[in-house]
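Colleague: Compute the structure for the input listed below.
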Amino acid sequence: MHDTEWPDGLCVAPQGKNIVGHVGGLHLRLLAQRTGLTTALSTALKPTRPRPWDRGQLLADLACAITLGATNIRDISLLDHHRPVIGPTASTATTWRMLDATGPRLLARIARARAAVRRHVWNLLDQRPDGFPQVRIDGAPLTGVTVIDSDATIIESASAKQGARGTFKGTYGHHPLTAYCANTHEMLVADLREGSAAPNHPGDNIAVLPTAVDQVPGPYRRRVLFRLDGAGASKDLLGWIASAGGRTSPCYTWEYSAGWPVGEREQAAIEALDRLGLWEAATGADRQARQDAVVADITGLLGDLHDWPKGHRVIVRKEPLHPRYERDATDYEKRTGQRYQAFSTNTARGQSAFLDARHRHHATVEQRIRDSKACGLGRLPSRHAHVNAAWLCAVAIAADLRAWLQLLALSGELAAAAPKTLRLRLLHVAARLVHGQRKRRLKVDATWPWAAQIAAAFRAIRALPSPART
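Modeller: Modelled structure (predicted):
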C-alpha cells in the first residue's frame, strides 16, 4: 500500500462526546486528597475573608497541571479536560492572583503543611512490603540512612525578570539552590536566588539545608548523609553538618560527602601515591573492581587539617582522561593524561572504594533536576520575584506528587519512569466517561498497553488511608 492511500476517505471532526483527556491528572488530584495535601494547603492558605476559590485546592491543582506539563500560569487550562469529572476549574487570572498573594509568610506556612503531609506519606512508605526506600550503592542499601542531595542549577531567562543576572557560566537568568531526598526523589526545597549568586556560598547552603531537614520527619533525621559537589567544600558548612545542625544529642549522626578541589597540595599527594603504589581499585555498578580507575585516602598526605571537622577525610579517584572531559581538564590532568576527582567525608568507617561509589551516586541529583526542569523548573513564568518563588513552591509540590504516585501506586517500569515517559503512558491518556447504575466510569482503551496499570493505580490511591486514620 502506498503512503498516499491511508488518508483516503478519512476525515477529522470535533464531534466526540464524554471524552476526558489527561486522565492521569485525576490520579494526581486524588492522590493530593488522599494524602491530606489538599486539606493541609487549604488550612495554610485560608484567607481572612471568604474567597470564591479554595487557594489550597488551587495550589494543589496547579501542581497537578505542572506534572502534566504546564510551563506557565496559562497552562492551568490543562485541567479543563477534567471538568466533566471534577466540575469547574480555575482560570488563569485566578491562578495568577493566588501566586501573587503567596508571599514569604504563606510560603513558610506551606512548608510546614508539606512537612506534616510528608510524615503521613513516609509512614505509608514504611508500611509497604519493601519498606521505606533505601539508597543503594553498588547494589548494597544504606540501611536507615536518609540521603539529602543538594545542588544549584541555572534557569535561563530571555527577559528582564526581577533577580535575573549574569551567571558564572556566562548565561543570564536565575541560580536557584535545590535539595532532594535521594531515598524518595522528593524535592525538599528550592530557593530562588539571583543569577549572580555564587554556587559555593556557604551561607546559602546553610540556609537551605536546615529548611530541607525540616521537611524530613523526625525519626528520619537521626542518620542523615548530605551529599554536595565541590561547591559544598567550606569549613562552615561541613562543620554545621558534622555538628548535626548544632544538636548535642548523640543519637544524631550526620555525615557529609562533598567535593574537594585538587590543588598543588593534592597533586603532591597523588604523586606520592604513584611512587608508593598505594592505590586500590575502584568499583563499578556491579561491585566488581575496575582496573582503569583507582582510589586512595590522601588525608595523611595533606598536612594539618585541624580546622576542619573531626574525622575529616579526603579521598581521591584517578582514571584515564576521557576525550569528553578534555575541554574542562586542568593543566595537570592534561599533562598526566589522567582525570582526578576528590571528595571529603567525615564517615569514619568504610573502604575508600565504597565511599567513592557512594559519593559518585550524588550525580543522580542531576537527573532529579532534569526531571524537575521537565516539570516547571525550566522556566519562570513572571517578571516578579515573589510570584516566581511561589511558582517554585508549586514545582516542589509537583515533584512530591510525582514521587508519591510512583512509590505508592505504580510498579515496574512506570515506577521509575521519567516525566516524559510517564506522561506518554499514563498522564496524557484519554478515557471515555460513562454514566450508569448511579456510577461514573472512566474507560481507558483496553488495547492501550498500560491500561491495566492505569486502573490499578487509581484503585491503589483510593485505598490509601487518610491521615486521620493513622
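Colleague: What is the end-to-end distance of stretch 62-80?
Modeller: 12 Å (CA to CA, to the nearest Å).
Colleague: tell me the average confidence for that stretch?
Modeller: Here stretch 62-80 scores 94 as its mean pLDDT.
Colleague: Look at residue 470 and report its pLDDT.
Modeller: 45.
Colleague: brain fart, residue 229
Modeller: Looking at residue 229, its pLDDT reads 86.
Colleague: OK, contacts around it?
Modeller: 151, 258-259, 362 (CB atoms under 8 Å, 6 or more residues apart in numbering). C-betas here are computed from N, CA, C, even on glycine.
Colleague: 7 Å - rerun?
Modeller: 151, 259, 362 (CB atoms under 7 Å, 6 or more residues apart in numbering).
Colleague: From the residues you listed, pick the one nearest residue 467.
Modeller: Set against residue 467, the nearest of the contacts of residue 229 by CB to CB is residue 151 (31.3 Å).
Colleague: Identify the nearest residue to that closest one in space, disregarding sequence-adjacent positions?
Modeller: residue 365 (4.8 Å; CB to CB, 6 or more residues apart in numbering).
Colleague: count of residues packed around that neighbour?
Modeller: Number of residues near residue 365 (other CB atoms under 10 Å) recorded here: 23.
Colleague: For the spatially most central residue of the chain, give its distance to residue 400.
Modeller: Nearest to the mean C-alpha position of the chain, counting by CA atoms, centre = their mean, stands residue 187 at 3.9 Å. Going from residue 187 to residue 400 by CB to CB, to the nearest Å gives 7 Å.
Colleague: before we move on, back to that, assumed the residue nearest to residue 151 was part of a helix.
Modeller: Yes. Assessed with DSSP: H, G, I helix; E, B strand; the rest coil, residue 365 lies in a helix.
Colleague: how much space between it and residue 408?
Modeller: Residue 365 is 22 Å from residue 408, by CB to CB.
Colleague: got it, and residue 212?
Modeller: Separation of residue 212 from residue 408 (CB to CB) stands at 22 Å.
Colleague: Kindly report the same for residue 138.
Modeller: For residue 138, the distance to residue 408 equals 27 Å [CB to CB].
Colleague: more crowded one of the two?
Modeller: residue 408 (20 against 16).
Colleague: what residues are up against that one?
Modeller: Counting by CB under 7 Å, 6+ apart, residue 408 has contacts 124, 460, 464.
Colleague: what stretches of the protein score poorly on pLDDT?
Modeller: 1-3, 200, 231-232, 285-287, 468-470 (pLDDT under 70).
Colleague: what about the residue lying closest to residue 141 once chain neighbours are set aside, which SS state?
Modeller: Of all residues not flanking residue 141 in the chain, residue 134 sits nearest, at 3.8 Å (CB to CB, 6+ apart). Secondary structure, three-state DSSP: residue 134 is coil.
Colleague: Would you check how far apart residue 134 and residue 444 are?
Modeller: Note on residue 134: its distance to residue 444, by CB to CB, is 33 Å.
Colleague: Please say which of the two ends up with more neighbours.
Modeller: Remark: of residue 134 and residue 444, residue 444 carries more neighbours, 20 against 17, as counted by other CB under 10 Å.
Colleague: part of a helix, is residue 339?
Modeller: No. Going by three-state DSSP, the assignment for residue 339 is strand, not a helix.
Colleague: Show me the beta-bridge partners of it.
Modeller: On the basis of DSSP bridges, residue 339 is bridged to residue 319.
Colleague: Who are the contact partners of it?
Modeller: Here residue 339 is in contact with 319, 321-322, 325, 329, 333 (criterion: CB under 7 Å, 6+ apart).
Colleague: Tell me how many other residues crowd the closest residue to residue 37 other than its chain neighbours.
Modeller: Take residue 37 and drop its neighbours on the chain: the residue closest to it by CB to CB, 6+ apart is residue 117, 4.9 Å away. Neighbour count of residue 117, defined by other CB under 10 Å: 22.
Colleague: Now do the same contact list for the residue nearest to the centre of the chain.
Modeller: Counted by CB under 7 Å, 6+ apart, residue 187 has contacts 178, 180, 372, 396, 399-400.
Colleague: List phi and psi for it.
Modeller: When read as degrees, to the nearest 10, the backbone of residue 187 gives phi -90, psi 110.
Colleague: Look up how far residue 65 lies from it.
Modeller: Residue 187 is 17 Å from residue 65, by CB to CB.
Colleague: How about residue 6?
Modeller: Using CB to CB, residue 6 is found at 35 Å from residue 65.
Colleague: got it, and residue 33?
Modeller: From residue 33 to residue 65 the distance is 16 Å (CB to CB).
Colleague: With residue 279 instead?
Modeller: Distance, residue 279 to residue 65, using CB to CB: 52 Å.
Colleague: ok, now residue 345?
Modeller: In terms of CB to CB, residue 345 sits 41 Å off from residue 65.
Colleague: Over to residue 37?
Modeller: Taking CB to CB, one finds residue 37 at 15 Å from residue 65.
Colleague: before we move on, what about residue 464?
Modeller: From residue 464 to residue 65 the distance is 22 Å (CB to CB).
Colleague: Looking at these two, which has the bigger crowd around it?
Modeller: Ranked by neighbour count (other CB under 10 Å), residue 464 and residue 65 place residue 65 first, with 27 against 20.
Colleague: ok so, going back, which ones among the contacts of residue 408 map onto helices?
Modeller: Counting by DSSP state H, the part of these found in helices is 124, 460.
Colleague: ok, the contacts of residue 408 vs residue 283, which is closest?
Modeller: The shortest gap between residue 283 and any of the contacts of residue 408 belongs to residue 124, at 34.0 Å (CB to CB).
Colleague: what about that closest one, neighbour count?
Modeller: 18.
Colleague: How about residue 49?
Modeller: For residue 49, the neighbour count with other CB under 10 Å is 4.
Colleague: so when I look at it, I'm seeing a helix, right?
Modeller: No. Secondary structure of residue 49 (three-state DSSP): coil, not part of a helix.
Colleague: Residue 259 versus that one, what's the distance?
Modeller: For residue 49, the distance to residue 259 - CB to CB - is 50 Å.
Colleague: And residue 291, by the same measure?
Modeller: Residue 291 is 25 Å from residue 259, by CB to CB.
Colleague: what do you get for residue 178?
Modeller: 16 Å.
Colleague: Between those two, tell me which one has more neighbours.
Modeller: When residue 178 and residue 259 are compared on other CB under 10 Å, the one with more neighbours turns out to be residue 178, at 25 against 19.
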